[in-house]
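> sequence isn't available, so here's the structure alone:
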């Protein structure tokens, strides 16, 4: 039976003690939610939801690379935003990172509140290779 392996990189924000940045298992990488926190400054990306979505995706990319994967291998993405008014703006950042075909499956939902009062959080699942 395959063993689950925690993934950690300093190129993405450190996780809280309750979770891992990602878990690699049976050829797949399951990434925890990422917000627009810059790992170098430990501060939220300034600007709009687009800037924070862009930073969250950079963080995810770093975690995936540490796991031996990449954004090109993402099969499923979940996006959480605090208002659907930000849907189109968030998609502008998203499209910068996911241009391949087929595009990953995706869910985007509006939620009441996110950690550290941010307006976007993104998680994904990818395959290794």
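Cool, got the structure. In this text, all values refer to a predicted model and were calculated from it rather than measured experimentally.
> next up, the contacts around residue 74.
64, 98, 104, 124-126 (C-beta atoms under 8 Å, 6 or more residues apart in numbering). All C-beta spots, glycine's among them, are computed from the backbone N, C-alpha and C.
> repeat for residue 24
For residue 24, counting by C-beta under 8 Å, 6+ apart, the contacting residues are 4-7, 30, 67-68, 128.
> same check, this time on residue 87
The neighbourhood of residue 87, defined by C-beta under 8 Å, 6+ apart, consists of 81, 108.
> counting neighbours, which of the contacts of residue 74 comes out on top?
Using other C-beta atoms under 10 Å as the neighbour definition, the contacts of residue 74 reach their maximum at residue 124, which records 29 neighbours.
> roughly how far does residue 126 sit from residue 76?
Per C-beta to C-beta, to the nearest Å, residue 126 is found 8 Å from residue 76.
> low-confidence stretches in this structure?
When residues are selected by pLDDT under 70, those of the chain lie in 1.
> okay, now residue 22: neighbour count?
Using other C-beta under 10 Å as the criterion, residue 22 is surrounded by 29 other residues.
> quick one: it and residue 28 touch, right?
No - with contact defined as C-beta atoms under 8 Å, residue 22 and residue 28 do not form a contacting pair (9.9 Å).
> and the closest residue to residue 8 other than its chain neighbours, how many neighbours?
Using C-beta to C-beta, 6 or more residues apart in numbering and skipping residues adjacent in sequence, the residue nearest residue 8 is residue 21, 5.6 Å away. Here the count is done by other C-beta under 10 Å, and residue 21 has 24 residues near it.
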